[in-house]
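> sharing a model that was predicted from the sequence below.
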Amino acid sequence: MSTMDTMSQTATGASQQIKNVGKLYQGRRASLSLEIVVVGCGLGGIAAAHCLAQAGHKVTILEATPTIGEIGAGIQVSPNVTRLLIRWGLGKRAEEVGVKPEGLHLRRWCTGETVGWTRWGDTIEKEHGAPYYHIHRADFHRMLYELAEPQCTIRTNCRVVSMDTSTPTLTLESGEVVHADLVIGADGVKSTLRQYVVGGPDRARSTGDAAYRAIVPAEKLLQDPDLRPLVEKPEMVGWMGPSRHIMAYNIRAKREYNVVMIHPDDGGEESWTAMGNTDKMRAEFAGWEPRIQKLMAMIPSTLNWKLIDRDPLETWIHKDGKLVLLGDSCHPMLPYRAQGSAIAVEDAAVLGNLFSRLAHRSQILPLLHAYQSIRYDRATATQISSRLNQHIFHLPDGPQQEKRDQEMRAVMEDASRVARGEKSTLSSAGNANQWADKEKSSIQFGYDADEEADKWWRNHGHTLRGPRALL
């Protein structure tokens, strides 16, 4: 049933025994099927619905907006996500709609001088076991939606206004009460359900930054000799400047060029759809190198996204064991490391894998704690890494900026020596270019959410195994 339809189905709270049939998790499905309600139909929510349905549960998504349309702009889909997409049968789709960047190119704001460069392309796939793509968020969401929709009920125009965590039940703005066995809070950085976990309303913290986002037809860049190389050689290109930076890359099979312009916040709105002022946008980057001025002149309209943050929570699980948070609702990611959607999709994969082993109600809370124990440190470390890039990219011109640039150049030159067949003479650990740090990249991009869930079960599953548990 399409999300564009008005639906009246309500989860009943009933559980049932089902057979072991399925595609994911080596065909393993939970012997106890739950009625699960996912609140929020973003990337994390739709991925969670797919994984939990594959695990053998009956899933309903409640989405607040009336329709699910083309929201957002370009996002980065790194190997820790693409390996999951391939496993879910979406590898070819991702390749068709995405662009594989050949490298990461970091430049000075005023001159365009190269400061850092890291080889990606096929190298990143060889090193981390899966490709790296730049994709339009709408294309990514559509892939996941089409994957999940046949397996679950998706209800739009269903804004959750309150929850009884003991039952659990959700009350919608319409007055309807929705019942479930388990609720997944995937309702984003401005989550309604988060307050039930933390014990009351909490406020997000301003980062001091906002992001203009725009998409330019690639054909316009191809007509300009200075901009043509940005399309012909697809890379993630970053210009770093005082209190600002720009990231730009190709999406939609190189038909569109995505530009993200981070600037000091002047009271914007935390929203993917809030319109920005192009005159203000150009004024923010006055004096930046000529290619930036040309790009700015090609942007007829822009979105302006206020960047807000939250400190890590003590727990993602309500004490009653019937509500758990996922994605930005519990660990919002700033865009400086391009891992927000990745970490949310990883959450979904771990949750689905663990709940494919559910055999008895007594296992629900322990499995939720297993999910948190697997995911908490990784999500928190990625949040910290993202915040670090905010500092690194925005240094004012001066001694600290010069030291940063020197570090980035040194690791770039070392990589060039290695490419020529010479021996590396420099450690990349702790480099200001976090993507050049081989250890960090291995940790970030080499992660396999399913393997981590399987590992947890091998080490701890015996504590949950009863006569009806799955081995």
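That came through, no problem.

> C-alpha only now, for contacts and for neighbours.
Noted.

> residue ranges in the stretch 251-400 of the chain under the pLDDT threshold?
Within the stretch 251-400 of the chain, the stretches with pLDDT under 70 are 268-274.

> ok, now which ones touch Leu144?
By C-alpha atoms under 8 Å, 6 or more residues apart in numbering, Leu144 lies in contact with 43, 46-47, 50.

> now name the helix or strand holding it.
Per DSSP states H and E, Leu144 falls inside helix 137-148.

> against which helices or strands is the following helix or strand past that helix packed?
Downstream of helix 137-148, the next assigned helix or strand under DSSP H and E is strand 153-155. Other helices and strands packing on strand 153-155, by 3 or more C-alpha pairs under 8 Å, 6 or more residues apart in numbering; DSSP states H and E, are strand 58-62.

> run the angle between the strand it packs on and helix 137-148 for me.
Here the directions of strand 58-62 and helix 137-148 differ by 150 degrees (axes from the mean of the first three to the mean of the last three C-alpha atoms, to 10 degrees).

> helices and strands around strand 58-62, which ones?
strand 35-39, helix 43-54, strand 153-155.

> and that strand, what's its mean pLDDT?
For strand 58-62, mean pLDDT rounds to 98.

> ok, stretch 36-52 next?
Computed over stretch 36-52, the average pLDDT equals 97.

> so what's the gap between it and the chain middle?
13 Å (C-alpha atoms, centre = their mean, to the nearest Å).

> and for stretch 232-246?
Relative to its parent chain, stretch 232-246 has a centroid offset of 20 Å by C-alpha atoms, centre = their mean.

> endpoints of that stretch, how far apart?
For stretch 232-246, the first and last residues are 19 Å from each other (C-alpha to C-alpha, to the nearest Å).

> make residue 1 into 430 and carry on from there
OK, 430 is where the count begins now, so the last one is stretch 661-675.

> in that stretch, what's buried?
Of all the residues in stretch 661-675, those buried under the rule 16 or more other C-alpha atoms under 10 Å are 663-670, 672-675.

> in TSV: the residues you listed, plus pLDDT, secondary structure and distance to Tyr686.
Formatted as TSV, the buried residues of stretch 661-675 follow (pLDDT from 0 to 100; DSSP: H, G, I helix; E, B strand; the rest coil; distance: C-alpha to C-alpha, whole Å):
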residue	pLDDT	secondary structure	distance to Tyr686
Pro663	96	coil	10
Glu664	97	coil	11
Met665	97	strand	11
Val666	98	strand	11
Gly667	97	strand	13
Trp668	98	strand	15
Met669	98	strand	19
Gly670	98	strand	21
Ser672	97	coil	23
Arg673	97	strand	20
His674	97	strand	17
Ile675	98	strand	13
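
> and the furthest pair within these?
The span of the buried residues of stretch 661-675, defined through C-alpha to C-alpha, is set by Pro663 and Ser672 at 26.0 Å.

> show the model's pLDDT score for Glu499.
Note for Glu499: predicted pLDDT of 66.

> now Met690: how far from Leu755?
Met690 is 27 Å from Leu755, where distance means C-alpha to C-alpha.

> more crowded one of those two?
Legend: neighbour count by other C-alpha atoms under 10 Å for Met690 and Leu755, higher for Leu755 (31 against 21).

> now Gln455: how far from Ser785?
10 Å.

> the more surrounded of those two?
The neighbour comparison of Gln455 against Ser785 (other C-alpha under 10 Å) goes to Ser785, with 28 against 8.

> with the buried residues of stretch 661-675 in mind, which one is nearest to His534?
Minimum distance to His534 across the buried residues of stretch 661-675 is 4.7 Å, recorded for Val666 (C-alpha to C-alpha).

> so what's the closest one up against?
Neighbours of Val666 in contact, by C-alpha under 8 Å, 6+ apart: 533-536, 675-678.

> thought Ala609 was touching Ser462?
No. Here Ala609 does not reach Ser462: they are 11.7 Å apart, not a contact under C-alpha atoms under 8 Å.

> so these two - more neighbours on which side?
Ser462 (27 against 24).

> so which residue is dead centre in the chain?
The centroid of the chain falls nearest to Ser770 when counting by C-alpha atoms, centre = their mean (0.8 Å).

> you'd agree that residue is up against Gly471?
No. Contact between Ser770 and Gly471 fails when scored by C-alpha under 8 Å: they sit 9.2 Å apart.

> now do the buried residues in stretch 456-472.
457-472.

> from the chain's centre, how far out does that stretch sit?
For stretch 456-472 - counting by C-alpha atoms, centre = their mean - the centre lies 20 Å from the chain centre.

> repeat that for stretch 794-803.
For stretch 794-803, the gap between its own C-alpha mean and the chain's C-alpha mean amounts to 21 Å (C-alpha atoms, centre = their mean).

> who touches it?
Stretch 794-803 has contacts (C-alpha under 8 Å, 6+ apart) with 744-746, 750-751, 753, 776, 779-780, 783-784, 881-882, 885, 893.

> would you mind writing the ChimeraX command to select the buried ones in those?
A single ChimeraX command selects the buried members of these (16+ other C-alpha under 10 Å):
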select :744,745,746,750,751,753,776,779,780,783,784,881,882,885,893
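
> which one of the contacts of stretch 794-803 sits closest to Val510?
Asp776 (10.7 Å).

> pull the contacting residues for the closest residue in space to that closest one that isn't next to it in sequence.
Nearest residue to Asp776, sequence neighbours excluded (C-alpha to C-alpha, 6 or more residues apart in numbering): Leu755, at 6.3 Å. Residues in contact with Leu755 (C-alpha under 8 Å, 6+ apart) are 473-474, 613-615, 745, 773, 776-777.

> sorry, back to before: run the angle between the helix holding Leu573 and helix 472-483 for me.
Using the same axes, to 10 degrees: helix 566-577 against helix 472-483 is 10 degrees.

> alpha carbons only: can I get helix 566-577 in CSV?
What follows is helix 566-577, C-alpha atoms only, in CSV (Å, rounded to 0.1, in the frame of the first residue of the first chain):
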residue,chain,number,x,y,z
ARG,A,566,19.0,11.7,-0.5
ALA,A,567,15.6,11.3,-2.4
ASP,A,568,17.1,8.5,-4.5
PHE,A,569,18.5,6.8,-1.5
HIS,A,570,15.2,7.1,0.4
ARG,A,571,13.3,5.8,-2.6
MET,A,572,15.4,2.7,-2.8
LEU,A,573,14.8,1.9,0.8
TYR,A,574,11.1,2.8,0.6
GLU,A,575,10.6,0.4,-2.3
LEU,A,576,12.4,-2.3,-0.5
ALA,A,577,10.4,-1.9,2.7
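
> where along the stretch 530-679 of the chain do the helices fall?
Counting by DSSP state H, counting those that start in this stretch, the stretch 530-679 of the chain has helices at residues 550-557, 566-577, 623-627, 647-651, 657-661.

> cool, the stretch 780-900 of the chain as well?
793-822, 828-848, 867-874, 878-889.

> make a markdown table from the ones you listed and add distance to Gln722 to it.
Listed next are these as a markdown table, based on distance: least, C-alpha to C-alpha, whole Å:
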| stretch | distance to Gln722 |
| --- | --- |
| helix 793-822 | 19 |
| helix 828-848 | 23 |
| helix 867-874 | 32 |
| helix 878-889 | 42 |
